[in-house]
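In: pasted the sequence and its predicted model underneath.
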Amino acid sequence: MKRFLSGITPSGDGSLHIGNYLGAVRQFIELAKSNETFLMVADLHGLTTIQDKKQLQNNIEILILNELALLRGFLSKDEFEKIVFFRQSDVPMHTECQSILNNVTPLGLLKRAHAYKDKLAGNAMEEDINVGLFSYPMLMAADILLYQADLVPVGKDQKQHIEITRDIAERFNKIFKKQVFTLPEPYIPEEVAVVLGTDGKRKMSKTLGNVIAMFDSEEAIKKQVMGTYTDPTRKHATDPGHIEGNMVFTYLDFFGPTSPRLRGASELSALKERYKAGKIADVEVKEYLFQTLMNYFAPARKAYEELKANPNVVTDILKKGQERALIVAGQTMKEVREAIGLVTKYSFQR
Ligand code: TYM
């Protein structure tokens, strides 16, 4: 049994999309069945972009419900209860650890981080970029190292952050001559490393507006599916269609084989053959996708409604998560303080 940790930031409007699900949450669900699981709502990370009290509160609440609904919907009660699900800001060791790690981190390492470089490339002046965004990888390193995680399931856009985390952990262990931190491995299945959006061109992302968000209303999801990029060379339903790069089939490949509507992978291949032969219209395959998604996410959508109607249940999950997270994070910080020389003969027992 290994230990894994991952986090999601309450950015955008806080809701999750099928890119988050395929790129991250699906792996959480699989790994949670047989590993020690720490999942965190990275609310402090949200502050790098959201500096509006109401919006942050709203996003945190939506993200908590979205993530819990997926976990509750797709795991048994026993599996679900073993997960340590908590909020980053409920465990003060994250910022304490970040501030210690700052001292073993060269500036150059952070200057090479994608989020910072992208911001600069997007015409932001260096003077205007907030330090929170710049030191984002440090907070993320603290998130991971505090829990001594072996694995970090994430999408490819987070891979560099795990590399930075490993680098910092190695430096720390070397400088203080003690194996305090476990070096984490990224866990990124190739086929879902980058899930493209409904435009078929860019990574699926809330800010780009190219998402299918599984907890939106049925009408909204239908609209997102109907607007999905298919085959621009195809003018009529009788024209032969292309499957490659066609996002409807890309998504059906992920969700279709489990759909009763398609009754397994062989029906999906039959559907592809009919599309290639010009025997089925775009609108019909989109209807398949819509129904497949509604069916696939039905248990999670049900769990969402239940959780939303029972705020005390949600609070209890977070409280229990905080208690369990504090124990592990507290133990690591004890070792960190000892290793760096903060524990002296005048120290009292913490
Ligand atoms: P965030 O909130 O941007 O995204 C959450 C997770 O979803 C993945 N993801 C995708 N994967 C594939 N295709 C896509 N189109 C796609 N869009 C999003 C992301 O890679 C991520 O795994 N910094 C992190 C949150 C974080 C964290 C951590 C993660 C904070 N502390 C510690 C792991 C460990 C973030 O902003 O992810």
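Out: Great, that's in hand.
In: quick check: domain ranges of this protein?
Out: Under the assignment automatic domain parsing, the domains of the chain span 3-194+310-340, 218-296.
In: which of these comes out lowest on mean pLDDT?
Out: Among these, domain 218-296 carries the lowest mean pLDDT, at a mean of 90.
In: and residue 45, how close does it get to residue 137?
Out: Look at residue 45 and residue 137: by CB to CB, to the nearest Å, they are 10 Å apart. Any C-beta I mention is one placed from the backbone N, CA and C, and that applies to glycine too.
In: neighbour-wise, which of the two wins?
Out: Legend: neighbour count by other CB atoms under 10 Å for residue 45 and residue 137, higher for residue 137 (28 against 24).
In: gap between the more buried one and residue 308?
Out: With CB to CB as the criterion, residue 137 and residue 308 are 34 Å apart.
In: one more: residue 257?
Out: Here residue 257 is placed at a distance of 30 Å from residue 308 (CB to CB).
In: swap in residue 231?
Out: Counting by CB to CB, the gap from residue 231 to residue 308 is 39 Å.
In: who has more neighbours, those two?
Out: residue 231 (21 against 15).
In: you'd agree residue 72 is up against residue 302?
Out: No - counting by CB atoms under 8 Å, residue 72 does not reach residue 302; the two are 9.1 Å apart.
In: of those two, give the one with the bigger neighbour count.
Out: The neighbour comparison of residue 72 against residue 302 (other CB under 10 Å) goes to residue 72, with 22 against 13.
In: wait, is that one part of a helix?
Out: Yes - judged by DSSP: H, G, I helix; E, B strand; the rest coil, residue 72 forms part of a helix.
In: check contacts around the residue nearest to it when sequence neighbours are not counted.
Out: Sequence neighbours aside, residue 303 is the residue nearest to residue 72 in space, at 4.1 Å (criterion: CB to CB, 6 or more residues apart in numbering). Taking CB atoms under 8 Å, 6 or more residues apart in numbering, we find residue 303 in contact with 68-70, 72-73.
In: pLDDT wise, what is residue 303 at?
Out: 98.
In: how near is the residue of the stretch 51-200 of the chain found nearest the ligand to residue 289?
Out: Residue of the stretch 51-200 of the chain nearest the ligand, by CB to the nearest ligand atom: residue 155 (2.3 Å). From residue 155 across to residue 289, the span is 21 Å (CB to CB).
In: between these two, which one's more packed in?
Out: Higher neighbour count among residue 155 and residue 289: residue 289, with 26 against 21, using other CB under 10 Å.
In: I'd like to know which elements the helix or strand the more buried one falls within is packed against.
Out: Using DSSP states H and E, residue 289 sits within helix 282-296. Here helix 282-296 is seen to pack against helix 218-226, helix 247-255, helix 265-276 when contacts are counted using 3 or more CB pairs under 8 Å, 6 or more residues apart in numbering; DSSP states H and E.
In: which one of the ones you listed lies closest to the ligand?
Out: helix 247-255 (11.3 Å).
In: show me what counts as buried in that closest one.
Out: 247-252, 254-255 (16 or more other CB atoms under 10 Å).
In: with stretch 131-151 instead?
Out: Those would be 133-151, for stretch 131-151 by 16+ other CB under 10 Å.
In: thinking again about what came up before, any idea how far the helix holding residue 289 is from the chain center?
Out: Between the centre of helix 282-296 and the centre of its chain there are 24 Å (CA atoms, centre = their mean, to the nearest Å).
In: can you pull the residues of the stretch 1-150 of the chain lying near the ligand?
Out: Residues of the stretch 1-150 of the chain found near the ligand (CB under 6 Å from any ligand atom) are 5-9, 11, 19-20, 23-24, 42, 45, 140, 143-144.
In: and which of those residues is nearest to the ligand?
Out: For these, the minimum distance to the ligand (CB to the nearest ligand atom) is 2.0 Å, reached by residue 23.
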